[in-house]
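Trainee: sharing a model that was predicted from the sequence below.
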Amino acid sequence: MCCAAEATASRRVDHDFIYPPLVAVACIVEVLMSWIKRTIALCAAAGLMSMGFGCGGSDTGQGGSGGKGGAAPTCDAPKMQCGPDCSDLTSDGAHCGSCDTACPATATCTSGACQCDDATAILCDGTCANPASDAANCGQCGINCGPGGTCTAGACTCSAGLVNCIDGCFDLSSDPANCGQCGNHCAVGAACTSGQCASCAAPTPDNCNGVCTHVPSDANNCGACGNACPTGASCINGACNCPSGSVACNAQGVCADLSSDANNCGACGDVCPIGGVCTSGKCGCPTGTVLCGNTCTDLTDVQNCGACGNQCFPGATCDTTINACKCTGTLASCVSGCVDLSTDVNNCGGCGKTCLIGQMCVSGICQLCAPGETACVAQGACANLSNDPNHCGTCGTKCGPGGSCVSGACQCMPGNVNCGGNIGCVNLSNSADSCGACGAFCPVGASCVSGQCVCPPGELSCGNTCANVASNVDHCGACGNNCPNGASCISGQCICPAGLVACGGRCVDLANDLDHCGSCDTRCDGTFGVCSNGTCGCVGGLKACGQNNTCRDLSNDPRRCGTCNNQCNNDEYCSQGNCQCKPGLTWDPANQQCVETNIDPQNCGSIGNQCGGNTPRCQAGQCVASCSNGFTSCNNGTLCINTQTNPLHCGGCGGSQCQNDEVCVNGNCRQWNLALSCNTCPCALSCDNNQTCCGYPQEPTLLTCVDGNNCPQ
């Protein structure tokens, strides 16, 4: 009884029990009736509990667990509080298994679960149903025999002319959802006649994905099935039409007024900033706001206070009168935000003035450490040096893991030794991190036995690890003997896979390895080389030359012309594998040499043409009286030479004679090499950062890499 305590507490007996027995009985009855009336009245008031009133306590309304503002009454096990009631969830039909889970009227709550009273019935969606005869739950819950169907012995039976289609009985001759056969759906809007789906008919004669529609006017299927018009458009005669003043933004799927649509301003898909407006096809911010990033703001928010990106610190507000961040009240502005300098232990009396851990900040002053504690300033904390394991005896003295501080001295459990610092208390007889001595680490895989590091049986101590030298590739046969990459350690021997050989710290295939071609010491060209069947070769018609098997162009290389060892003279270059006179020089068969017909007065312009008389000098293949500007008179005035470009007189009369792999550039001999694998300049594959890709003088199709930044003229 929810009001038992109230009735008991309020019961008063004013009679003197010296009356005769009848009087005594009458008094008892009177008292009982009074108690019953009061109980009924109080229980009726229990309905007010949802408004904060309870039931119980004294009749004065003072105290009691259920009085106004008091806690809900406590239920005795196994009952639980469900609203104003204490309910047994194992048997209460209104609260079966959990509060407010009610069993149907034809079921009983047993062991916290609703069970139908009829043993042949089952519980289906809160209702007891007989699966043998219930047409809505035939055979099992959810099997509906449908219109015209009955359930007999747990199986749907259809009336004459109807067919059982699992989910009900249907007339296959006329049901558009089961037309001619179960599950055969006619188009939405089409009829089923004699078991045949009729075609879509006017006014919706078009079948679009199983729906009858009218494509000349359907905005979702305009002109053709699946052709949806943009939002806001209408379909007229099979064509989408946006309202006047708007255009179709197909990618966005809308009709938009480009002059005012903030999502399509001036052009489809051009979105204005957040808070922006579109006016005459141009995005802008409303009056009184500015654009900050992609948002229009009035510069009064804490993210953009007074200026774009000026973010206020934590606790501050944006003062709109000065358009600046400001702390409220007596708070001060510090790096960490708005703080109270009078109480903030991290900003005590001033920004950044930090109190020790354990101190308080009072009126902007860090208070002394608590009695019995010492200020460990360097460590930033107050500490009791007599029992603090991080400050034992003196500030900063750590007892370490497992250690305790007693009377200012670090102590360990019996059998352990204090190794101090980060090690702490350890047992030197079995600690792998301090075996036999503090900090003496055992190798990986070893254990500490009686203060000695011991590797597992069959393994040796190799540096900082235990290893089985019979199978460990890092310690094969002996500690530190590393097997080549790709090899295995078998019975203490490094073994490469079949067909591979150990070379330079790895297992390689000598038949195709560029760095070890045919033998461990034979290396092919790293840029243009190939290794095939153990022999170095080159790509693109190049040939491997020298001990390094460098790939060379024997058709154009003056140092390797035709063969790897054939070097042309300084007045020759290599063309198609043959040494020939350099461009500008002519072969003199009588004297078996190359002559400069451009400057030689004995062979001026052609072999045997001699200059003399008034034109004793040869300039550019012509006999002249004197050298022109740009040409220097050399050899007692008989030669006119451009010393800036002539490779045999580079830099001046009697100057440098450039080598066969050099050209004259601005009076200086510059080395060159062929620009391999390139048809046009630049040629990054052959020319490095200190070279320029150039055509060979008077042979522009022969590309070279010339030292420096200039090409020969």
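Mentor: Nice, thanks for sending it over.
Trainee: Thr597 reaches Thr586, doesn't it?
Mentor: Yes - Thr597 lies in contact with Thr586 (C-beta atoms under 8 Å); the separation is 4.8 Å. (C-beta placed from N, C-alpha, C; glycine too.)
Trainee: what's the overlap in contacts for these two?
Mentor: Counting by C-beta atoms under 8 Å, 6 or more residues apart in numbering, the shared contacts of Thr597 and Thr586 are Asn603, Ser606, Ile607.
Trainee: most neighbours, which of those residues?
Mentor: Asn603 (21 neighbours; other C-beta atoms under 10 Å).
Trainee: and that one, which of the three is it?
Mentor: Recorded secondary structure, Asn603: coil (DSSP: H, G, I helix; E, B strand; the rest coil).
Trainee: so who does it touch?
Mentor: Thr586, Asp588, Val595, Glu596, Thr597, Asn609, Gln610.
Trainee: that one and Gly621, how far apart?
Mentor: 10 Å (C-beta to C-beta, to the nearest Å).
Trainee: need the overlap of contacts for the two.
Mentor: Thr597.
Trainee: returning to that earlier point: for the shared contacts of Thr597 and Thr586, which one is nearest Gln671?
Mentor: Asn603 (29.3 Å; C-beta to C-beta).
Trainee: pLDDT wise, what is the closest one at?
Mentor: pLDDT for Asn603: 91.
Trainee: state the phi and psi torsions of it.
Mentor: phi -140, psi 60 (degrees, to the nearest 10).
Trainee: verify the contact between Gly149 and Cys156 for me.
Mentor: Yes - using C-beta under 8 Å, Gly149 is in contact with Cys156, at 4.9 Å.
Trainee: who touches both of the two?
Mentor: Common neighbours of Gly149 and Cys156, using C-beta under 8 Å, 6+ apart, are Ala135, Cys138, Asn164, Gly168, Cys169.
Trainee: drop the exposed ones from these and show what's left.
Mentor: Ala135, Cys138, Asn164, Gly168, Cys169 (16 or more other C-beta atoms under 10 Å).
Trainee: show me the two of these that sit farthest apart.
Mentor: Going by C-beta to C-beta, the pair spanning these furthest: Ala135 and Asn164, at 11.8 Å.
Trainee: where do the contact lists of those two overlap?
Mentor: Both Ala135 and Asn164 are contacted by Cys145, Gly149, Cys156, under the criterion C-beta under 8 Å, 6+ apart.
Trainee: report the beta-bridge partner residues of the last one.
Mentor: Bridge pairing for Cys156 (DSSP bridges) gives the partners Cys151.
Trainee: contacting residues for it?
Mentor: Each residue near Cys156 by C-beta under 8 Å, 6+ apart is listed here: Ala135, Cys138, Gly139, Ile143, Cys145, Gly146, Gly149, Thr150, Asn164, Gly168, Cys169.
Trainee: redo that, cut-off 6 Å
Mentor: Cys138, Cys145, Gly149, Asn164 (C-beta atoms under 6 Å, 6 or more residues apart in numbering).
Trainee: now the first one
Mentor: The contact partners of Cys145, taken as C-beta under 6 Å, 6+ apart, are Ala135, Cys138, Cys151, Cys156, Gly168.
Trainee: that one in helix, strand or coil?
Mentor: Strictly by three-state DSSP, Cys145 counts as coil.
Trainee: without its sequence neighbours, what residue ends up closest to it?
Mentor: Residue nearest to Cys145 in three dimensions, not counting chain neighbours: Cys156, with 3.8 Å by C-beta to C-beta, 6 or more residues apart in numbering.
Trainee: lowest-confidence helix or strand of the protein?
Mentor: Within the chain, judged by mean pLDDT, DSSP states H and E, the helix or strand with the poorest mean is helix 4-10; its value is a mean of 35.
Trainee: follow-up on the earlier one: any chance of the shared contacts of Ala135 and Asn164 in JSON lines, with pLDDT and distance to Thr527 too?
Mentor: Converted to JSON lines, the shared contacts of Ala135 and Asn164 look like this (pLDDT from 0 to 100; distance: C-beta to C-beta, whole Å):
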{"residue": "Cys145", "pLDDT": "81", "distance to Thr527": "84"}
{"residue": "Gly149", "pLDDT": "82", "distance to Thr527": "85"}
{"residue": "Cys156", "pLDDT": "84", "distance to Thr527": "83"}
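Trainee: for the strand ranked longest in the chain, name the packing helices and strands.
Mentor: The residue-count maximum for a strand in the chain (DSSP state E) belongs to strand 699-707. If you count contacts as 3 or more C-beta pairs under 6 Å, 6 or more residues apart in numbering; DSSP states H and E, strand 699-707 packs onto strand 668-674, strand 691-696.
Trainee: mean confidence for the last one?
Mentor: By that I understand strand 691-696. 91.
Trainee: model confidence for the residue nearest to Cys653 when sequence neighbours are not counted, exactly?
Mentor: Counting by C-beta to C-beta, 6+ apart, the nearest residue to Cys653 once its immediate chain neighbours are dropped is Cys634, at 3.5 Å. Each residue has a pLDDT score; the one for Cys634 is 85.
Trainee: equivalent analysis for the one 5 residues further on, please.
Mentor: Note on Leu639: pLDDT of 85.
Trainee: over to the one 5 residues further on?
Mentor: At Gln644, the pLDDT value in this model is 89.
Trainee: who are the contact partners of it?
Mentor: Asn666, Gly667.
Trainee: for it, grab phi and psi.
Mentor: Per degrees, to the nearest 10, the backbone of Gln644 is at phi -80, psi -20.
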